[in-house]
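Enquirer: Got a predicted structure plus its sequence, pasted below:
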Amino acid sequence: MSLNKLTGQQNSGSERWMNVKTNTLEAENVTFKGSQVLIESQDGLVLNNFSTVSKGNPNNILITDGNGNLNFIDIATIDPSPPDLSVYEKVQNIKLPETTVNFTQINGTTKLDIVTANSIELDGSDVTDDIADLQIKTTNISYLTGPNVTTVSNTLNNTGLIHASGNVQVDGNLQVQCTDTNLLNYKTPTRGNSGDVLTSDGTGSVSFQPPSGGGSDLDFSGLQGSTIKTNLNTSSTQTQYGSVEKYTALNNLSAGQPVIYDYNSGNITVSTIGSLPSQHEIAGICLNDTTFGSTADILTRGFCTARRTTTFNPSSETVALNAITTGTTRNLTNNTTFTDSGGGGNYNNNENYSITFDAGAGYTVNCTVNSFGFEHTTSQMYDRFGIQTSNDGVNFSNISVSWLQASAVSTPTWSTSYAGSSWNSGASSPGYILPLNPARAILLGGVPGNTFPALISLGTRYVRFYFVSDGSSNDIGWNLTLEPNTPYPSPVINVGEGATLYLDNSDFTKVSTDNSSQIVIGYCAYEDASNDSLLINLKPPQN
């Protein structure tokens, strides 16, 4: 449209231009005169008046009063405080049909806060493992109050992860996908010891293990049995403390199980034990549950938890010293009755027996002498029942009790002669051999209340009894009650530390203190024998 004439005269004598509406106005110079110059906004709702009071000054800016009027003001007079943007906050539901991974992108230069009542949901379910690719392009991911996205199945790209404590903490498994698509779990059973190396078990788990192989020294400093023993009833793996060799498992193996070498058809594997092996066939102890065909970690030297059947103290027991029980070590019960081979009758001729009782760690033996009788004369002890004690189970010494006899020979099985010329000589007591009978004991002096039963508090963990009889004449022998100094609170029978451990002849998956198999596996390293397991020092001889 062309604008080239006036519309008429105003009463005031000034000229009035026509009202112009056009999409494009082109001119070399355009002058608008009048009290108002109104230009319609694009939304068609507001007329902005561009007729200002003055043409303004340098550093002035054009500002609106919000009602369509514009004017020039000095920029220095504007309040520099930031505007209140809270009035612009609103909740936006972005769960729309067009909101897809291909078409929706949220960009932010600072951060994106997603506030929900409980969780972020995808098609009604918590976002856990259906996210193909989560790319976080903000500076930080803040994990300040509650759970975040649980699992990202492909890629999480971010410059930093921030936890409220200043560290990233993963409470569950930390699984990382390898390039072969298998998952590797970096959650270790423990944080390991200084110098340990991170070792894979080949099934997707890792643990800290002492370095082995290559002639490296093994460091066992600071090991404590109470800390490193594993409950094999609840755990299928245990930490390596020593030298490990890896073999293919010929069959399913259990953690803590003794295994043997197998060379069938030239394939070098390890196997469960099907029949009593030779000593040189013992490979070691399997550290982890291992399935057929998988790689098994076999400890060949060091410390580990081995399977063993836990035994329990009965509340009472009767033990007779005879050809069957001689040479054995018995665990004490809360009430052990100890007799000669005749039980309620006389002992036999030509006996030469010994037996040891162990009260267990932290306990000592109390011995109550109920009744006794032996072949003694005024100058000879033809049949002798003597007592020695020990705190370590290795070094034993004679006891000294005022109403017991001493022998001319101080080492078991002593001699028929008294230390003095007769039973009542000064040198013949105190001693360690029961006298002729209770009446003679009372004459020797010191029997509590001059009556029997009489208590002897031995004060040691171990007690060993020796008995020898000659080829003629015998008597009623003895009847004793053996008890711990305080009753046992637990029925579990512990194993003496340092005791030799053998392959269990009745169950080849276990070790035992019974030596009937004659196959040595190692030695007890910690006496706690609970949970059908025992911490051992694995040292099978290779012969």
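Expert: Arrived safely.

Enquirer: Mind picking out the helix or strand in the protein with the poorest mean pLDDT?
Expert: None of the helices or strands of the chain scores lower by mean pLDDT, DSSP states H and E than strand 134-135, at a mean of 42.

Enquirer: where's Ile260, which helix or strand?
Expert: Using DSSP states H and E, Ile260 sits within strand 258-262.

Enquirer: To clarify, my last question referred to Ser226.
Expert: Here Ser226 is assigned to helix 225-228, by DSSP H and E.

Enquirer: who's in contact with that helix?
Expert: 239, 241, 303, 305, 525-528, 535 (C-beta atoms under 8 Å, 6 or more residues apart in numbering). C-beta: built from backbone N, CA, C; applies to glycine.

Enquirer: measure Ala406 to Leu444 for me?
Expert: Counting by C-beta to C-beta, to the nearest Å, the gap from Ala406 to Leu444 is 11 Å.

Enquirer: picking up where we left off before, partners of the strand holding Ile260 in the sheet?
Expert: strand 269-271 (antiparallel), strand 282-286 (antiparallel) (DSSP bridges).

Enquirer: Can you say which of these is nearest to Asp217?
Expert: Ranking those by proximity to Asp217 (C-beta to C-beta) places strand 282-286 first, at 19.3 Å.

Enquirer: what separates the closest one from the chain centre, distance-wise?
Expert: Distance, stretch centre to chain centre, for strand 282-286: 23 Å (C-alpha atoms, centre = their mean, to the nearest Å).

Enquirer: Could you export the strand holding Ile260 as CSV, CA atoms only?
Expert: Taking Å, rounded to 0.1, in the frame of the first residue of the first chain, the C-alpha atoms of strand 258-262 are listed here in CSV:
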residue,chain,number,x,y,z
PRO,A,258,40.6,-81.8,51.1
VAL,A,259,41.2,-82.7,47.4
ILE,A,260,43.6,-85.0,45.5
TYR,A,261,45.4,-84.8,42.2
ASP,A,262,43.8,-86.6,39.3
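
Enquirer: Ile285 is in contact with Ser533, correct?
Expert: No. The criterion here is C-beta atoms under 8 Å, and Ser533 misses it with Ile285 at 11.1 Å.

Enquirer: More neighbours: which of the two?
Expert: Ranked by neighbour count (other C-beta atoms under 10 Å), Ser533 and Ile285 place Ile285 first, with 29 against 26.

Enquirer: Let me know the distance separating the more buried one from Pro258.
Expert: 6 Å.

Enquirer: who touches both of those two?
Expert: 306, 521.

Enquirer: Pull out the buried positions in the lengthiest strand in the chain.
Expert: As assigned by DSSP state E, the longest strand anywhere in the chain is strand 295-307. Buried residues in strand 295-307, counted by 16 or more other C-beta atoms under 10 Å: 296-307.

Enquirer: next SSE after that strand?
Expert: As assigned by DSSP H and E, the chain's next helix or strand after strand 295-307 is strand 317-320.

Enquirer: residues in contact with that next one?
Expert: With C-beta under 8 Å, 6+ apart as the criterion, strand 317-320 contacts 325, 330, 333, 335-341, 343, 355.

Enquirer: So how do I select the buried members of those residues in PyMOL?
Expert: Remark: buried members of those, expressed as a PyMOL selection using 16+ other C-beta under 10 Å:
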select buried, resi 330+333+336+337+338+339+340+341+355
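
Enquirer: Return the subset of the contacts of strand 317-320 lying in strands.
Expert: The strands, defined by DSSP E, take in 330, 336-339, 355 from the contacts of strand 317-320.

Enquirer: What are the contacting residues of stretch 72-79?
Expert: Contacts for stretch 72-79 (C-beta under 8 Å, 6+ apart): 52-57, 59-63.

Enquirer: and if we set it to 7 Å?
Expert: 52, 54, 56, 59-63 (C-beta atoms under 7 Å, 6 or more residues apart in numbering).

Enquirer: And the helices in this structure?
Expert: For the chain, helices defined by DSSP state H occupy the ranges 225-228, 438-444.

Enquirer: what would these look like in a markdown table with mean pLDDT, mean neighbour count and distance to Thr311?
Expert: Shown next, in a markdown table, are those (pLDDT from 0 to 100; neighbours: other C-beta atoms under 10 Å; distance: least, C-beta to C-beta, whole Å):
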| stretch | mean pLDDT | mean neighbour count | distance to Thr311 |
| --- | --- | --- | --- |
| helix 225-228 | 94 | 13 | 19 |
| helix 438-444 | 97 | 17 | 36 |
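
Enquirer: Which one of the ones you listed lies nearest to Ser422?
Expert: Taking the helices of the chain one by one with C-beta to C-beta, helix 438-444 is closest: 11.4 Å.

Enquirer: From the chain's centroid, how far away is that closest one?
Expert: Counting by C-alpha atoms, centre = their mean, helix 438-444 is centred 59 Å from the centre of its parent chain.

Enquirer: what's the answer for stretch 341-353, then?
Expert: With C-alpha atoms, centre = their mean, you get 52 Å for stretch 341-353.

Enquirer: swap in stretch 241-256?
Expert: 20 Å.

Enquirer: Point out where the stretch 51-200 of the chain drops to low pLDDT.
Expert: In the predicted model, the stretch 51-200 of the chain carries pLDDT under 70 at residues 79-171, 194-195.

Enquirer: Please repeat the previous calculation with a cut-off of 80.
Expert: For the stretch 51-200 of the chain, residues meeting the criterion pLDDT under 80 lie at 51-56, 59-63, 65-70, 72, 74-172, 191-197.

Enquirer: can you check the stretch 351-500 of the chain too?
Expert: 489-491.

Enquirer: quick one, strands of it?
Expert: 352-358, 365-373, 384-390, 397-398, 454-457, 462-468, 477-484, 500-503 (DSSP state E, counting those that start in this stretch).

Enquirer: Give me the buried positions along the last one.
Expert: The neighbour-count criterion (16+ other C-beta under 10 Å) identifies 501-503 as the buried residues of strand 500-503.

Enquirer: Just checking: what are the partner strands of it?
Expert: Taking DSSP bridges as the criterion, strand 500-503 forms sheet pairs with strand 511-512 (antiparallel), strand 520-524 (antiparallel).

Enquirer: looking at the ones you listed, which is closest to Ile399?
Expert: Closest to Ile399 of the strands paired with strand 500-503, according to C-beta to C-beta: strand 520-524, at 27.2 Å.
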